[in-house]
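J.: sequence first, predicted model second:
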Amino acid sequence: MRLLKPVILLACLSPLLAFAEGTRTWEQSKFEDLSKGTANGVAIRSVGALELAPTFKVLYTTPSTYLWSIAADDAGVLYAAAGAPARVYRITPDGQATTIFEPTELQVQALVVDKNGSVYAGTAPDGKVYKIEHKPGGNGAGKNPDRAKGQVDPAWSSSVYFDPGTKYIWDLVLDAAGNLFVATGDQGQIFKVTPRGEHSLFFKSDEVHIRVLALDDKGNLIAGSDGSGLVYRIAPSGEAFVLYSAPKKEITALALDTAGNIYAAGVGEKKTSNPSGTPTPQAAISTPISTPAPTPIAPGMTMTTAPAATGPLINFPAPGTGATGGSEVYKIAPDGSPTKMWSSRDDIVYALGFDPQGRLLAGTGNRGHVYAIRGDDDFTDLLKAGASQITAFAKASGGGLYASSSNLGKIFVLGPGPQTEGSYESDVFDAKIFSRWGRAEYRGIGNVDLFVRSGNVDNPDRNWSPWKKVDLRGNAESGAPAARFAQWKAVLHAGNPAPQLQSVTLNYLSKNVAPVVDDITVQPATRYQALPRSANPEVALGPGQVRFDPPPPAQHDRDSLGVKWSVHDDNDDQMTYALYYRGEGESRWLLLKDNLQDKFYSFDGSLLPDGAYTFKVIASDAPSHSPGEALTSEKESTRVEVDTTAPRIENLNATLESGKIRVTFKAVDGFSPIRRAEYSIDAGEWQYVEPLGQITDSKTEDYDFRATLPSAPSTTSNSGSTDHVIVVRVWDRYENMAAAKTVIRGK
């Protein structure tokens, strides 16, 4: 037995290149990661593992675009209901096919085969149930594949078996006594047709459509509806009971196991019922009419113009098409208790069945996947077909399973055994930087080969290195050349034990790239508050991950000067910063603060003389590298003026002249222009005043103005005379303020 245990292997450092901190790893072990790759004969388990998928091969490709239903007789001969064009195909186990029925309706939606080999086919729209029989003494059935191209096999005959008078026939099922049950839509009815052709209304629901039917081992009819997503159990007497009301609007598939469990697939978001009697609004499948004669358009359907080669198109509301909100699979136990087994936001379940091992299979669209569902959150993405939708399952001879598809209309054989070999290619990994690829770590069992390749463009087909096989028994060196991108491939070989790959990890070292200081901002009158640091050590981010640095809290402080900067480092190294300043006209940078870990710093602006300055930040990745291997970068700020000194008020004088107060003074600032001046008389409101010349744009401004005396005296002396208090204040451009006062003594 070949058993490979996990190993921890590190990549070697290059003596020629400086690389980022430590060896990093790219690991793929989760379903979400593995599902991004390309599997060929390999299944992906939800627990995060790769294993060989069951064999899956095309038996026959039909001329029709859609296959809606399939059924096999005891000899393994398959019958397929098709649309575009509408036909019934008979396909032998060796892939020989013939057309045995071609109706005037647009679709053959459902069919069943009785124990005598007669085929019952339901058509739509305004459809009927036809009985298709092999003529006594007929020859050549299934021997001439050319008949499948349009000529109906003359060895078969067809006749109308039952006309329910409804728009849609969705499903057919036969019970042990040969009674045929017909599920219909636009009135939600189920009809019963006896072997003698006697028909009756078996069940009438309040839903618009009965989409699917199944029979349990007690002869009860199980039915799924479209509208409210109901699962009914209907006794042979016709008495019905709602087993489950699904969260989804439409039940698209049913399956019953030998233990009496009922499995139901639900799709679509529930909406208000459509009073027109047509299905809830959804996307339609465009189906070309196979006959050139004009065809009446049923109410609720629309016609569009197609190319002449295909003829007019009729929009046909097929099961599950246009459903939003993904799909779910439910299990209803024999005691009636329901549980949700599986859900998908992207896949729509069209068919349910069981593989030879008894696993529940779900055929889906619109990516053509088949899933094996074991239980809640335990499933396997078995395979992807070369078609958009897997629409039906049927038992095949030899223990396998037939599967039909639409877009394109194909018949596949699934199983019964696994593939003898399968391959899986991971998605392309972007290290973001030119990197050296080291050893591989592998965890799994069985016979598995691992390969690695690399390149410097994101498309592996554009001159990447060739696949290099990893010696998993030796040093497990990947052998991939240094490059930005990498990819791995696994090839699984059948054997004992069965191969299974659980995880692959590639070690790599990225070339060290100098950090980049993107921007520096200097904010006067701003103080930044330090952010609390986490008690946990900083963990390096992986490629593509972006570190989020919350902005520092800032508060107004006229005496402070705040500097902050933004930096990015492609290696995501840890950083330290040094902050320098230089006065205008000076040549030497002076250190303000070093060993900073935050991307901001604030200090008392009065420590710098008033003037113009430039600040510089030097970023270093030294904490992540050995001495001598660190890289730095720097950036200078724009010119910033620092002014923390208030202006001066000189020669303030006030006198009484002709019943008014005349005030004169001079405002002087050592660095920046005067911006504003105000005065107040006797504690009155502040009044704006302009300088001589009116424009305030100089470091020195002269003021000379007259103000009206207040209406009430401010201060009265013992002799009865009146005093007046005059206060002036001025601001410079940086909001530094000075004030002064003078008093006029009364006479």
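T.: Okay, I see it.
J.: so where's this structure shaky on pLDDT?
T.: 1-21, 138-150, 271-324, 533-548, 712-721, 747 (pLDDT under 70).
J.: so what are the domain limits for it?
T.: 3-53+432-510, 57-272+327-418, 516-532+553-642, 648-744 (automatic domain parsing).
J.: measure the longest one end to end?
T.: Between the opening and closing residues of domain 57-272+327-418 lies a distance of 12 Å (Cα to Cα, to the nearest Å).
J.: how near is T526 to T61?
T.: Using Cβ to Cβ, to the nearest Å, we find T526 at a distance of 72 Å from T61. Placement of C-beta: from N, CA and C, glycine included.
J.: between those two, tell me which one has more neighbours.
T.: Using other Cβ atoms under 10 Å as the criterion, T526 and T61 rank with T526 on top: 21 against 17.
J.: quick one, helices of this protein?
T.: 31-34 (DSSP state H).
J.: would you mark the buried spots in the longest strand that the chain contains?
T.: In the chain, assigned by DSSP state E, the strand with the most residues is strand 429-445. By 16 or more other Cβ atoms under 10 Å, the buried positions in strand 429-445 come out as 429, 431-433, 435-445.
J.: how about stretch 117-133?
T.: Within stretch 117-133, judged by 16+ other Cβ under 10 Å, the buried ones are 119-133.
J.: pull the most distant pair out of the residues you listed.
T.: P125 and E133 (24.8 Å; Cβ to Cβ).
J.: pull the contacting residues for the residue nearest to R706 when sequence neighbours are not counted.
T.: Leaving aside its sequence neighbours, R706 sits nearest to K660 (Cβ to Cβ, 6 or more residues apart in numbering; 4.6 Å). For K660, the contacting residues are R706, A707, T708, L709, by Cβ atoms under 8 Å, 6 or more residues apart in numbering.
J.: make a PyMOL selection of the buried ones in those.
T.: To isolate the buried ones among the contacts of K660 in PyMOL, judged by 16+ other Cβ under 10 Å, type:
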select buried, resi 707+709
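J.: in CSV: the contacts of K660, plus distance to T521.
T.: As requested, those are exported to CSV (distance: Cβ to Cβ, whole Å):
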residue, distance to T521
R706, 46
A707, 43
T708, 47
L709, 50
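J.: of all the contacts of K660, which comes closest to G365?
T.: For the contacts of K660, the nearest to G365 is A707 (87.1 Å; Cβ to Cβ).
J.: what sits opposite the closest one in the beta ladder?
T.: Each beta-bridge partner of A707 is listed here, defined by DSSP bridges: I661.
J.: contacting residues for it?
T.: K660, I661, V663, Y679, I681, Q687.
J.: any idea how far W68 is from Y79?
T.: Relative to W68, and taking Cβ to Cβ, Y79 is found at 12 Å.
J.: do the same with Q574
T.: For Q574 relative to W68 (Cβ to Cβ), the value is 61 Å.
J.: of these two, who's got more company?
T.: W68 (28 against 16).
J.: I'd assumed A86 was in contact with the more buried one.
T.: No. If you go by Cβ atoms under 8 Å, W68 and A86 don't touch, sitting 9.8 Å apart.
J.: overlap of the contact sets of the two?
T.: Q107, V108.
J.: returning to that earlier point: inside strands: which ones of the buried residues of stretch 117-133?
T.: Filtering the buried residues of stretch 117-133 for strands - DSSP E - leaves V119, Y120, A121, G122, T123, A124, V129, Y130, K131, I132, E133.
J.: so what's the residue lying closest to K395 once chain neighbours are set aside bridging to?
T.: Nearest non-adjacent residue to K395, counting by Cβ to Cβ, 6+ apart: A72, 5.8 Å away. Using DSSP bridges, the beta-bridge partners of A72 come out as L78.
J.: tell me how far A72 lies from G398.
T.: 12 Å.
J.: show me which of the two is the more surrounded one.
T.: A72 (19 against 12).
J.: so the more buried one is in contact with Y79, correct?
T.: Yes. Applying Cβ under 8 Å as the test, A72 and Y79 come out as touching, 7.4 Å apart.
J.: now the common contact residues for these two.
T.: In contact with both A72 and Y79: V113, using Cβ under 8 Å, 6+ apart.
J.: could you work out the end-to-end span of stretch 196-208 for me?
T.: 29 Å.
J.: mind listing what's buried in that stretch?
T.: H199, F202, F203, S205, E207, V208.
J.: name the residues of stretch 361-372 that come out as buried.
T.: Buried residues in stretch 361-372 (16+ other Cβ under 10 Å): L361, A362, G363, T364, G365, N366, G368, H369, V370, Y371, A372.
J.: actually stretch 185-197, not the one I typed
T.: Within stretch 185-197, the residues that count as buried by 16+ other Cβ under 10 Å are G185, D186, Q187, G188, Q189, I190, F191, K192, V193.
J.: wait, what's in contact with the closest residue to the fifth one other than its chain neighbours?
T.: It stands for Q189. Computed as Cβ to Cβ, 6+ apart, the closest residue to Q189 that is not its neighbour in sequence is K204, at 5.3 Å. By Cβ under 8 Å, 6+ apart, the contact list for K204 reads Q187, G188, Q189, I190.
J.: you'd agree the second one is up against E207?
T.: Yes. The pair G188 and E207 passes the contact test of Cβ under 8 Å, sitting 4.2 Å apart.
J.: which residues do the two both contact?
T.: Common contact partners of G188 and E207 (Cβ under 8 Å, 6+ apart): S225, G227.
J.: which one of the buried residues of strand 429-445 is nearest to D549?
T.: K432 (18.7 Å).
J.: wait, that closest one touches S510, no?
T.: Yes. At 7.4 Å, K432 and S510 qualify as touching, with contact defined as Cβ under 8 Å.
J.: quick check: neighbours shared by the two?
T.: Taking Cβ under 8 Å, 6+ apart as the contact rule, K432 and S510 both touch D570.
J.: buried subset of the contacts of A707, written for PyMOL?
T.: Buried subset of these, written as a PyMOL selection, criterion 16+ other Cβ under 10 Å:
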select buried, resi 661+663+679+681
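J.: want to try a markdown table for the contacts of A707, with distance to S225 as columns?
T.: Listed next are the contacts of A707 as a markdown table, based on distance: Cβ to Cβ, whole Å:
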| residue | distance to S225 |
| --- | --- |
| K660 | 96 |
| I661 | 94 |
| V663 | 93 |
| Y679 | 86 |
| I681 | 89 |
| Q687 | 83 |
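J.: out of the contacts of A707, which is nearest to D604?
T.: Closest to D604, out of all of those and judged by Cβ to Cβ, is Y679, at 31.7 Å.
J.: spit out the contact partners of the closest one.
T.: Y679 neighbours (Cβ under 8 Å, 6+ apart): V663, W686, Q687, V689, F705, A707, I726, V727, V728, R729.
J.: out of these, the closest to G605 would be?
T.: Comparing the contacts of Y679 against G605 with Cβ to Cβ places R729 closest, at 21.2 Å.
J.: which residues does the closest one bridge with?
T.: Applying DSSP bridges, one finds that R729 bridges with E678, A739.
J.: same check on N447?
T.: Beta-bridge partners, per DSSP bridges, of N447: H493.
J.: what sits against it?
T.: So N447 contacts R2, L492, H493, A494, G495, P499 (Cβ under 8 Å, 6+ apart).
J.: relative to I373, how far out is it?
T.: 28 Å.
J.: G446 too?
T.: 24 Å.
J.: do the same with F429
T.: F429 is 30 Å from I373, where distance means Cβ to Cβ.
J.: good, we can wrap up now.
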